[in-house]
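Undergrad: Any chance you can model this:
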Amino acid sequence: MTKPTVESLPYRLCVGVVLFNHDGLVWTGRRSDIDAEGEGTGHWWQMPQGGLDEGEEPRDAAFRELFEETSVRDASLIREATEWFAYDLPPDLVGQSWKGRYRGQNQKWFALRFEGDDADIDVLNPGDGHKPEFSEWRWEKLAQLPELIVPFKRPVYEQVVAEFRDLSAA
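TA: Next up, the predicted model:
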């Protein structure tokens, strides 16, 4: 049996959340130095994101992932991205990440408004007892986020910035 090529592997369907506060800043978390989602280790910053469960609607997955990674429940939908954004894993991670089943992710992004207090955010003890993916967090300007993410995800973050730029702080 022949080993599948990277190009023949599917993309993992995922969601991403751009969580805006009332000042137009965006939530970003510093990844723990663990291989939380099969994307390698490192101390980069990113927004909440994760895979869709079987049969789950992307909008529902966005709220679930937000809670599982930040403990935030008090958020409302502003807007859904008009399209899906995909990225490929670097070749050295393809065989390691997600048990070698995917070549990367195809993500649907959602802009949400944070309606709670900063004290509601808990990345060290996230919702539903999930393993922490972040070691710290902060509010950041949306335009800064591509510079903070791991390089292979940068093009997706640039698309997310373009999609939701009108919602952000200057």
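
Undergrad: so how far is Asp166 from Arg113?
TA: 14 Å (CB to CB, to the nearest Å). In short, each C-beta sits where N, CA and C put it, glycine included.

Undergrad: okay, these two: which has more neighbours?
TA: Set Arg113 next to Asp166 and count neighbours by other CB atoms under 10 Å: Arg113 wins out with 15 against 8.

Undergrad: Tell me what the residue most central in space within the chain is bridged to.
TA: Nearest residue to the geometric centre of the chain (CA atoms, centre = their mean): Gln49, 2.5 Å. Counting by DSSP bridges, Gln49 is bridged to Gly16.

Undergrad: ditto for Phe85
TA: Gln107.

Undergrad: This structure: helices as residue ranges?
TA: Assigned by DSSP state H, the chain shows helices spanning 58-70, 91-94, 145-148, 154-164.

Undergrad: mean pLDDT lowest for which of those helices?
TA: Mean pLDDT is lowest for helix 91-94 among the helices of the chain, at a mean of 76.

Undergrad: gap between that one and the chain center?
TA: Taking CA atoms, centre = their mean, to the nearest Å, one finds helix 91-94 lying 19 Å from the centre of the chain it belongs to.

Undergrad: Can you list the buried residues in that helix?
TA: Within helix 91-94, the residues that qualify as buried are 93-94, counting by 16 or more other CB atoms under 10 Å.

Undergrad: Also stretch 81-93?
TA: By neighbour count on 16+ other CB under 10 Å, the buried set for stretch 81-93 is 81, 84-89, 93.

Undergrad: between those, which is nearest Trp139?
TA: Ala81 (20.8 Å; CB to CB).

Undergrad: Just checking, which helix or strand of the chain averages the lowest pLDDT?
TA: Least confident helix or strand, the chain: helix 91-94 with a mean of 76, by mean pLDDT, DSSP states H and E.

Undergrad: and that helix, C-alpha only, in PDB?
TA: In PDB, the C-alpha atoms belonging to helix 91-94 read as follows (Å, rounded to 0.1, in the frame of the first residue of the first chain):
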ATOM      1  CA  PRO A  91       6.000  19.300   5.900                       C
ATOM      2  CA  ASP A  92       7.800  18.200   9.100                       C
ATOM      3  CA  LEU A  93       4.500  18.500  11.100                       C
ATOM      4  CA  VAL A  94       2.200  16.700   8.600                       C
END
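
Undergrad: re the thing from before, turn the helices of the chain into TSV, columns for distance to Asp120.
TA: Shown next, in TSV, are the helices of the chain (distance: least, CB to CB, whole Å):
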stretch	distance to Asp120
helix 58-70	9
helix 91-94	33
helix 145-148	22
helix 154-164	22
